[in-house]
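[1] got a predicted structure here, sequence first:
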Amino acid sequence: MPLITFKEMMEDAGRKGYAVGYFESWNLNSLEAVLEAAEETNSPVIIGFGCSVVSQEWLDRRGLDYLAVLGRAAARKSLVPVCYILNEIQTLEQMERGVRLGFNVVMMDTSGLEFKKNISVTRRAVRTAHAYGTAVEGELGKLPTAGGKEDSSAELTDPGQAEEFVRRTGVDALSVSIGNVHLLTEGKAQVDIERLKKIHEAVKVPFVIHGGTGFPDEAIPDAIRFGVRKFNVGTVMKKAYIDEIIKRTSGMEIDKLDIQAVVGSRKDEDVFTKAKNRVKDVVKGLIKKYGSAGQA
Ligand code: 13P
């Protein structure tokens, strides 16, 4: 059961009352961790790559092509239903290339655009993507980014605007800003479920929560009740990955290593396999919280 349409995936989640995790990968280890976690819990999953924190020069020159091939192969070999997203792309050109390269969902980072401009850019994206049978996740509102390096101001999603945005753009899903915070490494965000409820009354497309790492566990059931069908997760996976590598390499002496075993063997001694397994455990835990375990 490889690639399925985003529509099918979201409809199943809506019918049965669960959400699907989009677990953002950055290399082959993390991609495999996500797929294995989904297979071991018998869960549908969204795989893919984020484009907002990577070097745009790398992405435009060859990154997009690499990622597309990797994801397509992973989806083809998967034992559970998979969607394959190109997330937070920065330009319409990247979006169009992603669609042609076979991603079956695309999401443009339009958080910096004012309402009318957001509608016109997103509408163009939808027109292009839909012509290839690719779904589009739109974004209305702006999430604050933790860490202090980027803009930390939030613009919460307005229910009335959300209705107009979805109607005029034709997006297949909507990313909402309800207090969720991007890239939190400590603590949890304070989320406004009342606002989500109002958006849900106005709009019927599936909702997406970015900033899954900092989303409070106790708010997950209500979020699903009021239309959230997809959680985006990244930071907590990267933290687990690098933490494991630090732990496993801190006492190593380079001259005493079985270097072939430790780097790239994919056997138990491989440091990166150990890190992959840590990421897998994190993803499995979240799959259970989102209720998608056993739904494949
Ligand atoms: P976190 O890294 O905060 O989990 O968010 C990831 C995300 O929203 C990717 O779109």
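    Alright, I've got the coordinates. No experiment lies behind these values; they were computed from the predicted model shown. Numbers count the residues shown, from 1 in each chain.
[2] show me which strand runs longest in the protein.
    With secondary structure taken from DSSP state E, the chain has its longest strand at strand 82-89.
[3] and it, what does it pack onto?
    Contact here means 3 or more Cβ pairs under 8 Å, 6 or more residues apart in numbering; DSSP states H and E; on that basis strand 82-89 packs against strand 20-25, strand 45-50, helix 64-77, helix 92-101, strand 105-108. Every residue, glycine included, has its C-beta placed from N, CA and C.
[4] out of those, which is the most enclosed?
    Mean neighbour count (mean count of other Cβ atoms under 10 Å) peaks for strand 105-108 among the helices and strands packed on strand 82-89, with a mean of 28.
[5] partner strands of that strand, parallel or antiparallel?
    Its sheet considered, strand 105-108 pairs with strand 82-89 (parallel), strand 135-140 (parallel) by DSSP bridges.
[6] for Thr185, find the nearest of these.
    For Thr185, the closest of the strands paired with strand 105-108 is strand 82-89, at 18.4 Å, according to Cβ to Cβ.
[7] got the angle for that closest one vs strand 45-50?
    In terms of direction (axes from the mean of the first three to the mean of the last three Cα atoms, to 10 degrees), strand 82-89 departs from strand 45-50 by 30 degrees.
[8] is strand 82-89 in proximity to the ligand?
    Yes. Strand 82-89 lies within reach of the ligand by Cβ under 6 Å from any ligand atom, at Asn87, Glu88.
[9] and that strand, how far from the chain's centre?
    7 Å (Cα atoms, centre = their mean, to the nearest Å).
[10] what angle sits between it and helix 64-77?
    Using the same axes, to 10 degrees: strand 82-89 against helix 64-77 is 160 degrees.
[11] circling back: mean pLDDT and mean neighbour count for the strands paired with strand 105-108 - can I get that in a markdown table?
    Conversion of the strands paired with strand 105-108 to a markdown table gives the following (pLDDT from 0 to 100; neighbours: other Cβ atoms under 10 Å):
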| stretch | mean pLDDT | mean neighbour count |
| --- | --- | --- |
| strand 82-89 | 97 | 27 |
| strand 135-140 | 98 | 26 |
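[12] distance to Pro44 added to the ones you listed, as JSON lines?
    Formatted as JSON lines, these follow (distance: least, Cβ to Cβ, whole Å):
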{"stretch": "strand 82-89", "distance to Pro44": "7"}
{"stretch": "strand 135-140", "distance to Pro44": "14"}
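[13] so which of these gets nearest Gly285?
    Between Gly285 and the strands paired with strand 105-108, the shortest gap by Cβ to Cβ is with strand 82-89, which sits at 19.6 Å.
[14] list the helices and strands the longest helix along the chain packs on?
    For the chain, the longest helix by residue count, based on DSSP state H, is helix 271-290. Judged by 3+ Cβ pairs under 8 Å, 6+ apart, helix 271-290 is in contact with strand 20-25, helix 28-41, helix 220-225, strand 228-233, helix 235-249.
[15] got the CA coordinates for the longest strand of the chain in CSV?
    Only the C-alpha atoms of strand 82-89 are listed here, as CSV (Å, rounded to 0.1, in the frame of the first residue of the first chain):
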residue,chain,number,x,y,z
VAL,A,82,1.8,7.2,2.6
CYS,A,83,1.4,10.8,1.5
TYR,A,84,4.5,12.6,0.4
ILE,A,85,4.7,16.4,1.1
LEU,A,86,7.0,19.1,0.1
ASN,A,87,6.6,21.4,3.1
GLU,A,88,7.0,25.1,3.6
ILE,A,89,8.4,25.9,0.2
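[16] what sits up against it?
    2-6, 9, 20, 22, 24, 35, 38, 44-52, 64, 67, 71-72, 74-75, 94-95, 98, 102-109, 135, 137, 232 (Cβ atoms under 8 Å, 6 or more residues apart in numbering).
[17] residues from the stretch 101-250 of the chain in reach of the ligand?
    Going by Cβ under 6 Å from any ligand atom, the residues of the stretch 101-250 of the chain near the ligand are His182, Leu183, Leu184, His210, Gly211, Gly212, Thr213, Gly214, Asn232, Val233, Gly234, Thr235.
[18] no further queries at this time; thank you.
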